[in-house]
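Student: Sharing a sequence plus its predicted fold:
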Amino acid sequence: MSYLRNQPEISPDFQDEGLAPGAGGDLSSLVRHALASDRLKLEFQPVLAAGSRSEVLFHEGLMRLEDGGGRTIPAARFINAMELSPLGRDLDCAALRLGLRALQQNRGLRLSIKASARSIGNPTWRDLLLSGLDGVASRLVIEFGEASTALGPERVARFLAEVQPKGLRFVLDDFGSSPISLRQLRDCRFDGVKFGGSLVRGIDVMPDNQPLVGALVGVAHRFGMFAVAKGVETAAEASALRALGVNGLQGFHFGRPRSAP
């Protein structure tokens, strides 16, 4: 992980933009009720060091929603639909609360929590983060998706520079999926990147993807960032990714999300 930069305290100019809702009513109602009745939880998936089958770099805390019928719904089913809605900020706050609580309860845990970069402008999320770092900052990783980061990279860069000296790390998730420029990536100075999906799936038998992944890993390393490949489902994929220089591996091949790390 990259060394932390000394920067001033967080500035007050990150204001919530009041983005308009963009999700369907049924799904919004489901999320709203889950938030109100505390039916959200985290499941934990390990991220392993690429050179080891047992060394856990950290766990990712994956949001789960429990509906009124007792079914568990993964974040992939609802989080993107809530992205432009105020409920998206509420979900980010809920995930952060759950993550901070898990870190406080388990002193041996290192944990990453996803958030939209839009939540930088939400005072509740920001205050929750800054007030909850005592004793856990060095074990907390925040993952911002590349798509939301690309909407305001200068803003993200300022936020990271102000908060990183407190000891937590930041990861750019879905690296390579959005048009963020190399200059913007350099200026944001994330500690690490994650990539997955079609880049990782079948990479052992898709030689066209190997130079692309190798280039992404090279860019990350050039900027002092570690690189994690997620969605790894087979030993052959893991072997190909190790050969390309990734630092961490995450996926069903190494462990499914579980209720406890």
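Tutor: Yep, it's here.

Student: now the strands for the stretch 51-200 of the chain?
Tutor: 56-66, 72-74, 111-115, 140-145, 169-173, 192-195 (DSSP state E, counting those that start in this stretch).

Student: Select the longest helix from the protein.
Tutor: The helix spanning the most residues in the chain, taking DSSP state H as the definition, is helix 86-105.

Student: For that helix, name the packing helices and strands.
Tutor: Other helices and strands packing on helix 86-105, by 3 or more C-beta pairs under 8 Å, 6 or more residues apart in numbering; DSSP states H and E, are helix 25-36, strand 40-49, strand 56-66, strand 111-115, helix 123-131, strand 140-145. From N, CA and C alone the C-beta is placed, and that goes for glycine too.

Student: Which of these sits closest to Arg258?
Tutor: Taking C-beta to C-beta as the criterion, Arg258 comes closest to strand 40-49 out of these, the separation being 5.7 Å.

Student: what's the closest one in contact with?
Tutor: Applying C-beta atoms under 8 Å, 6 or more residues apart in numbering, the external contacts of strand 40-49 come out as 34, 54-66, 91, 94-95, 98-99, 102, 111-112, 228, 230, 247-250, 254-261.

Student: Now which of those residues would you call buried?
Tutor: By the neighbour-count criterion of 16 or more other C-beta atoms under 10 Å, the contacts of strand 40-49 include these buried positions: 34, 56-65, 91, 94-95, 98-99, 102, 111-112, 228, 230, 247-250, 254-255, 257, 261.

Student: Tell me which residue of this structure is furthest from the middle?
Tutor: Computed with C-alpha atoms, centre = their mean, the maximum C-alpha offset from the centroid of the chain is found at Gly69, amounting to 28.7 Å.

Student: any idea how far that residue is from Ala75?
Tutor: 18 Å (C-beta to C-beta, to the nearest Å).

Student: now do Ser138
Tutor: Distance, Ser138 to Ala75, by C-beta to C-beta: 25 Å.

Student: which one of the two has more residues nearby?
Tutor: Ala75 (18 against 13; other C-beta atoms under 10 Å).

Student: wait, doesn't the more buried one sit right on Ala81?
Tutor: No. In this structure Ala75 lies outside contact range of Ala81 using C-beta atoms under 8 Å: 10.6 Å.

Student: re the thing from before, nearest to Leu160, of the strands of the stretch 51-200 of the chain?
Tutor: Between Leu160 and these, the shortest separation by C-beta to C-beta is 5.4 Å, and it involves strand 169-173.

Student: Average pLDDT for that closest one, rounded please.
Tutor: Predicted confidence along strand 169-173 averages 97 (mean pLDDT).

Student: If you count contacts, what does it end up packed against?
Tutor: Under the contact criterion of 3+ C-beta pairs under 8 Å, 6+ apart, strand 169-173 touches strand 140-145, helix 146-150, strand 192-195.

Student: quick one: low-confidence parts of this structure?
Tutor: Along the chain, the model assigns pLDDT under 70 to residues 1-25.

Student: Now do the helices in the stretch 151-261 of the chain.
Tutor: Read by DSSP state H, counting those that start in this stretch, the stretch 151-261 of the chain holds these helices, from start to end of the chain: 153-163, 182-188, 209-222, 235-243.

Student: Tell me the buried residues in the second one?
Tutor: Within helix 182-188, the residues that qualify as buried are 184-185, 187-188, counting by 16+ other C-beta under 10 Å.

Student: same deal with stretch 69-89?
Tutor: Going by 16+ other C-beta under 10 Å, stretch 69-89 has these buried residues: 73, 75, 78-79, 81-83, 85, 87-89.

Student: Distance to Arg169 for these - can I get that in TSV?
Tutor: What follows is the buried residues of stretch 69-89, written out as TSV (distance: C-beta to C-beta, whole Å):
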residue	distance to Arg169
Ile73	28
Ala75	21
Phe78	26
Ile79	21
Ala81	28
Met82	25
Glu83	23
Ser85	28
Leu87	27
Gly88	23
Arg89	22
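
Student: Give me the distance between Ala240 and Ala50.
Tutor: Looking at Ala240 against Ala50, where the rule is C-beta to C-beta, the gap reads 11 Å.
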